[in-house]
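Engineer: Build me a model:
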Amino acid sequence: MKQNIAVIMGGYSSEYKISIISGNVVYDNIDKTQYTPYKVVITKEKWVILTIDNQEIRIDKNDFSAIINNKKVTFDCVFNVIHGAPGENGKLLAYFEMLDIPHTSAPSYQMALTFNKRDCLSVLRKHGINTAKSIYFDKGQDIDTAFIVTELGLPCFVKPNNAGSSFGISKVNTVNEFKTAFEKAFAEDTEILIESFLDGTEVSIGVINYQGNIIPLPATEIVSENDFFDYEAKYEGKSQEITPARITDTQLKNLHTEALKAYKALNMSGFSRSEFIFKGDTPYFLEMNTVPGMTTESLLPQQAKAAGIPLPNLLSNAIQMATKK
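Structural biologist: Modelled structure (predicted):
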């Protein structure tokens, strides 16, 4: 009997549209000889299954089930494609864990930890992983821009602490640009992170549990047409994404070491995609994305393809790893 798979998409954040696109790609590429996938759209207003003819069927939140054609449908596994809240910050996954429904992401605590950039960086620094220098502020705090410049220099980056897909991120080149950057970041989150600028080759690398082994995927070099790898660069073709990355054997070896160390230090499972910038041969960790994009432009599917893993195999493996946990 085929397993029922809930492909959850949507969410509560600015990443809603990207999640819907990713979710549809996952739905279309799941091996339907093994699984029966359902599109499940989750928003603050409603949790619904979308049928083939775009009818909405309400999800019963008591047990995450639905009545379809007078029959109760439950799910053997949840394929999480919600970027941002509540899928990437652990909250929704804690709900599935309480219901004992397997899901394709890491456990809820790990998801919450990696989503919080401050906490994630703090843990990884303890494991000897190099990161940019950073300062944190909360909404309502007095922010001393002179102190920031003294500590981090210019240019620097202002980021929301809990957000993805480069929403709310600004590169600040002059003191006069701080005000707009703070407003942009605080529009996404009540906490912000300010990081020193690292000038070097930027790479993105996926690490996955594939057939029971934790493996790094081929790295992607990011060459943005914009000032940095922002939303336009990620999703609107304003960058070159070169897989495999044009880095030396030494750099690649160091990158694999650090990416695997980060994955294991954070006790991850499922998908991850981490961003690094090289200073010489040393990769500096920027952040980890635990619900990577699955659009046709997304990096992790590109990297899996370069590793000889077709998208249907990648998705089937994620489900199999989840149901074996």
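Engineer: Okay, buried residues for stretch 4-16 please.
Structural biologist: The neighbour-count check on stretch 4-16 (16 or more other CB atoms under 10 Å) flags 5-16 as buried. For every residue, glycine as well, the C-beta is placed using N, CA and C.
Engineer: First-to-last residue distance for that stretch?
Structural biologist: 24 Å (CA to CA, to the nearest Å).
Engineer: Tell me where the model's unsure across the stretch 101-250 of the chain.
Structural biologist: Of all residues in the stretch 101-250 of the chain, those with pLDDT under 70 make up the ranges 164-166, 226-238.
Engineer: got the residue ranges for the helices in it?
Structural biologist: 108-115, 117-126, 145-152, 178-186, 231-235, 249-265 (DSSP state H, counting those that start in this stretch).
Engineer: Now tabulate these in TSV and tack on distance to Arg273.
Structural biologist: Formatted as TSV, those follow (distance: least, CB to CB, whole Å):
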stretch	distance to Arg273
helix 108-115	11
helix 117-126	14
helix 145-152	26
helix 178-186	22
helix 231-235	11
helix 249-265	9
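Engineer: quick revisit: out of the buried residues of stretch 4-16, which are inside helices?
Structural biologist: Tyr16 (DSSP state H).
Engineer: how about the buried residues of stretch 4-16, which pair is most distant?
Structural biologist: Greatest spacing in the buried residues of stretch 4-16, by CB to CB: Ile5 and Ser14 (26.4 Å).
Engineer: Run a quick neighbour tally on Thr323.
Structural biologist: Using other CB atoms under 10 Å, Thr323 is surrounded by 14 other residues.
Engineer: I misspoke; the intended subject was Gly270.
Structural biologist: For Gly270, using other CB under 10 Å, the count is 22.
Engineer: Look up phi and psi at it.
Structural biologist: Per-residue torsions, Gly270: phi 70, psi -150 (degrees, to the nearest 10).
Engineer: Run through the residues that contact it.
Structural biologist: 104-106, 208-209, 290, 318, 321-322 (CB atoms under 8 Å, 6 or more residues apart in numbering).
Engineer: Can you tell me which of those comes closest to Leu300?
Structural biologist: Ile208 (8.0 Å).
Engineer: So what would you say the end-to-end distance of stretch 196-203 is?
Structural biologist: Span of stretch 196-203 from end to end, CA to CA: 17 Å.
Engineer: Let me fix that, I meant to ask about stretch 197-216.
Structural biologist: 26 Å.
Engineer: For that stretch, list every residue counted as buried.
Structural biologist: 197-198, 201-210, 216.
Engineer: Please, which helix or strand holds Gln303?
Structural biologist: In this assignment (DSSP states H and E), Gln303 forms part of helix 299-306.
Engineer: same for the helix or strand following that helix, what does it pack against?
Structural biologist: Using DSSP H and E, the helix or strand that follows helix 299-306 in sequence is helix 311-324. Packing contacts for helix 311-324, counted by 3 or more CB pairs under 8 Å, 6 or more residues apart in numbering; DSSP states H and E, involve strand 3-10, helix 16-29, strand 77-80, strand 202-210, helix 299-306.
Engineer: what's the average pLDDT for helix 311-324?
Structural biologist: Average pLDDT, helix 311-324: 96.
Engineer: residues of that helix that come out buried?
Structural biologist: Neighbour counts over helix 311-324 (16+ other CB under 10 Å) mark 311, 314-322 as buried.
Engineer: Relative to Leu50, which of those residues is nearest.
Structural biologist: Leu315 (18.5 Å).
Engineer: just checking, the closest one touches Val26?
Structural biologist: Yes - if you go by CB atoms under 8 Å, Leu315 and Val26 touch, sitting 6.1 Å apart.
Engineer: Identify the contacts common to these two.
Structural biologist: Taking CB under 8 Å, 6+ apart as the criterion, Leu315 and Val26 both touch Phe79.
Engineer: check contacts around the spatially most central residue of the chain.
Structural biologist: Geometric centre of the chain, nearest residue: Asn289, 2.8 Å, by CA atoms, centre = their mean. By CB under 8 Å, 6+ apart, the residues touching Asn289 are 88, 164, 272-275.
Engineer: Tell me the confidence at it?
Structural biologist: Per the predicted model, pLDDT is 94 at Asn289.
Engineer: ditto for Ala85
Structural biologist: So, for Ala85, pLDDT stands at 93.
Engineer: from memory Ala66 sits against Thr51, does it?
Structural biologist: No - with contact defined as CB under 8 Å, Ala66 does not reach Thr51; the gap is 10.3 Å.
Engineer: who touches Thr243 in this structure?
Structural biologist: Contacts of Thr243 by CB under 8 Å, 6+ apart are 218-221, 299, 302-303, 306.
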